[in-house]
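Sequence and predicted structure below; questions after.
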Amino acid sequence: MLAFFQNLIPGNLLPQWIKFSLPDALWMLSLTTLVLFIWDFKLHKKSMLWVLATIFCGIAMEIFQWFGFIRGTFDVLDLLFLIIAASIPIFFILIKHYTCKTRQNLSSQ
């Protein structure tokens with residue numbers, strides 16, 4: 001199966017950010033979404049504590065690579081992708097909250 005996917009993109013045409021940065025970002029996106037799912041997608045002090053803890057862990061892992069505490073290669077692009085990926089579910093919740101409030105205000109008038 002791996003050979004099938006390797007034959008889809010000949011040579012080294014696959015961008016490096018897809019190969020190295022995107023997997024970590026997808027993990028961060030999934031973990032942040034899972035934590036928000038556990039807290040019923042509501043942003044309050046308790047849920048934000050857990051969301052910030054997941055973001056901190058992702059950033060800490062990358063910084064630990066920089067200092068050599070864990071194996072791996074530090075990359076600023078990885079750090080940027082982690083922050084963007086963690087922000088996406090939070091922005092969706094904020095947009096949903098804003099649109100629901102706007103609809104309630106319009107229907108009450």
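The structure has been received and is ready for your questions. Residues are numbered from 1 along each chain as shown.

hey, let's count contacts and neighbours off CA atoms from now on
OK.

what about the longest helix in this structure?
As assigned by DSSP state H, the longest helix anywhere in the chain is helix 76-108.

That one - contacts with which helices or strands?
helix 22-38, helix 45-67 (3 or more C-alpha pairs under 8 Å, 6 or more residues apart in numbering; DSSP states H and E).

ok, and for the longest one, which residues are buried?
Right, the one you point to is helix 45-67. Using 16 or more other C-alpha atoms under 10 Å as the test for burial, helix 45-67 gives 47-48, 51, 54-55, 58-59, 61-63, 66.

low-confidence ranges in this structure?
1-3, 5-6, 9-12, 106, 108-109 (pLDDT under 70).

still on that earlier bit, any buried residues in the longest helix of the chain, and which?
78-79, 81-83, 85-87, 89-90.

between it and helix 45-67, what angle do the directions make?
160 degrees (axes from the mean of the first three to the mean of the last three C-alpha atoms, to 10 degrees).

Determine how far the last residue of stretch 14-32 lies from the first.
With C-alpha to C-alpha, to the nearest Å as the measure, the first residue of stretch 14-32 is 27 Å from its last.

List the contacts of the closest residue in space to Ile88 that isn't next to it in sequence.
In space, and not counting its chain neighbours, Ile88 is closest to Leu29: 7.3 Å by C-alpha to C-alpha, 6 or more residues apart in numbering. By C-alpha atoms under 8 Å, 6 or more residues apart in numbering, Leu29 lies in contact with 82, 85-86, 88-89.

Tell me the secondary structure of Lys40, please.
In this structure residue 40 is Asp, not Lys. Under DSSP: H, G, I helix; E, B strand; the rest coil, the three-state class of Asp40 is coil.

Next, give phi and psi for it.
phi 60, psi 30 (degrees, to the nearest 10).

Equivalent analysis for Leu43, please.
phi -100, psi 110.

That one: how many residues sit nearby?
16 (other C-alpha atoms under 10 Å).
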